[in-house]
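>>> sharing a sequence plus its predicted fold:
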Amino acid sequence: MKRVFFDKPQIVFHLAAFFANQNSLDHPERDLQVNGMGTLRLLEYSVFTGVERFVYASSGCSIYGSHAPLPLTEEFMSLHLTTPYQITKMLGELYCNFFWHHYELKVVKARFFNSYGPGEIPGQYRNVIPNFIYWAMKGKPLPITGNGEATRDFTYVGDIVDGLMRSGVMPEAVGEEFNLPQAPRLASSIWRNRSTALSAIAPAFKPPKSASGIPRTGCSLRSIRRATSSLQSKYDLRSRTRRDHSLVAENWDRIEAAARFGPGVSSAVREMANSDAVRTAEVIA
């Protein structure tokens, strides 16, 4: 970081994280070191070197918890957090508030909601979209936790990038929190809108994972009122998941080799894996 900040960057986009709720349950100390101390160090270096703006990649699932009133508005923050990941992502927002008020570091807190898009690798701590595509390509049922009625918001990676870039320049964004836009939700629609290759695959319903800590898959039904005026969505869930499937099909050998479902994965998903799919490999960039 000393080498990076020696060049005196004008804007810092803090996207690094020890991600995934299950991952933080398996490794809580590392989660705190990366998400807690790592964020604090970045904020300190930003102040020391005169950074003009600090954009923090926060997590809507972490900030709102599992019992927030709907729709999820930026003004609400929950104390009912159930995983180390949720706690440390909240900690990052609180440190940003401190540096904004105490040092006048211009911070923006962008709350992500289940981003998806090209380049995702299926695996234990990965997004449901690449995992669904992976199991469908393997001819396996799609493992659904719960009864299938849960809703979850997804944001295409292009919208994430657009929102972050605007957060780095908009004067009115300073000191604020934003639910990054795009509101299509994923439940049964993920296979109703899928490509032909996925259409014959039926879901397999499994008991809810205790690691989620989010009974309604809590990252659902968020308000995008604050971001709507300047961070408009322009990507369609149906077309983008279809594009994701095409990319997986085109790179199937590499993706199958890189997909990892380790021993810490829930038994529901582990039952879906066969010995061919579980092998150690380099995760492709």
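Good, I have the coordinates.
>>> start and end of stretch 136-144, how far apart?
13 Å (CA to CA, to the nearest Å).
>>> pretty sure residue 137 is touching residue 252, no?
Yes. The pair residue 137 and residue 252 passes the contact test of CB atoms under 8 Å, sitting 6.6 Å apart. The way it works is simple: take the backbone N, C-alpha and C, and place the C-beta from them, glycine included.
>>> higher neighbour count, the two?
Per other CB atoms under 10 Å, whichever of residue 137 and residue 252 has more neighbours is residue 137, with 18 against 12.
>>> distance check, the more buried one against residue 108.
When distances are taken as CB to CB, to the nearest Å, residue 137 and residue 108 turn out to be 38 Å apart.
>>> before we move on, what about residue 122?
Distance, residue 122 to residue 108, by CB to CB: 32 Å.
>>> next one: residue 50
The gap separating residue 50 from residue 108 is 17 Å, by CB to CB.
>>> which sections of the stretch 151-285 of the chain are below the confidence cut-off?
Within the stretch 151-285 of the chain, the set of residues satisfying pLDDT under 70 comprises 151-153, 181-203, 205-206, 208-241, 262-285.
>>> ok, 90 please
Counting by pLDDT under 90, the stretch 151-285 of the chain contains low-confidence ranges at 151-163, 172, 177-285.
>>> circling back to that earlier point, what about residue 50 and residue 108, which has more around it?
residue 108 (26 against 11).
>>> for the more buried one, give me its contacts.
53, 54, 55, 56, 167, 168, 173, 174, 175, 176, 178 (CB atoms under 8 Å, 6 or more residues apart in numbering).
>>> with adjacent residues omitted, what lies nearest to it?
On the basis of CB to CB, 6 or more residues apart in numbering, the spatially nearest residue to residue 108 that is not a chain neighbour turns out to be residue 167, at 4.3 Å.
>>> that neighbour and residue 175 touch, don't they?
No. Contact status for residue 167 versus residue 175: not in contact, 11.4 Å apart, counting by CB under 8 Å.
>>> neighbour-wise, which of these two wins?
Set side by side, residue 167 and residue 175 give different neighbour counts by other CB under 10 Å, the larger being at residue 167 (26 against 15).
>>> so how far is residue 177 from that one?
For residue 167, the distance to residue 177 under the criterion CB to CB works out to 10 Å.
>>> any residues in contact with both of those two?
Listed as contacting both residue 167 and residue 177 by CB under 8 Å, 6+ apart are residue 110.
>>> can you map out the helices along this protein?
Across the chain, reading from the start of the chain, the helices by DSSP state H fall at 2-6, 21-26, 28-31, 38-48, 60-64, 84-103, 128-137, 157-167, 189-192, 225-228, 237-250, 252-258, 267-270.
>>> buried stuff in stretch 96-110?
Counting neighbours by 16 or more other CB atoms under 10 Å, one finds that the buried residues in stretch 96-110 are 96, 99, 100, 105, 106, 107, 108, 109, 110.
>>> okay if I get those residues as JSON lines plus pLDDT and distance to residue 11?
Conversion of these to JSON lines gives the following (pLDDT from 0 to 100; distance: CB to CB, whole Å):
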{"residue": "96", "pLDDT": "97", "distance to residue 11": "14"}
{"residue": "99", "pLDDT": "98", "distance to residue 11": "15"}
{"residue": "100", "pLDDT": "98", "distance to residue 11": "15"}
{"residue": "105", "pLDDT": "98", "distance to residue 11": "12"}
{"residue": "106", "pLDDT": "98", "distance to residue 11": "9"}
{"residue": "107", "pLDDT": "98", "distance to residue 11": "11"}
{"residue": "108", "pLDDT": "96", "distance to residue 11": "10"}
{"residue": "109", "pLDDT": "95", "distance to residue 11": "15"}
{"residue": "110", "pLDDT": "92", "distance to residue 11": "13"}
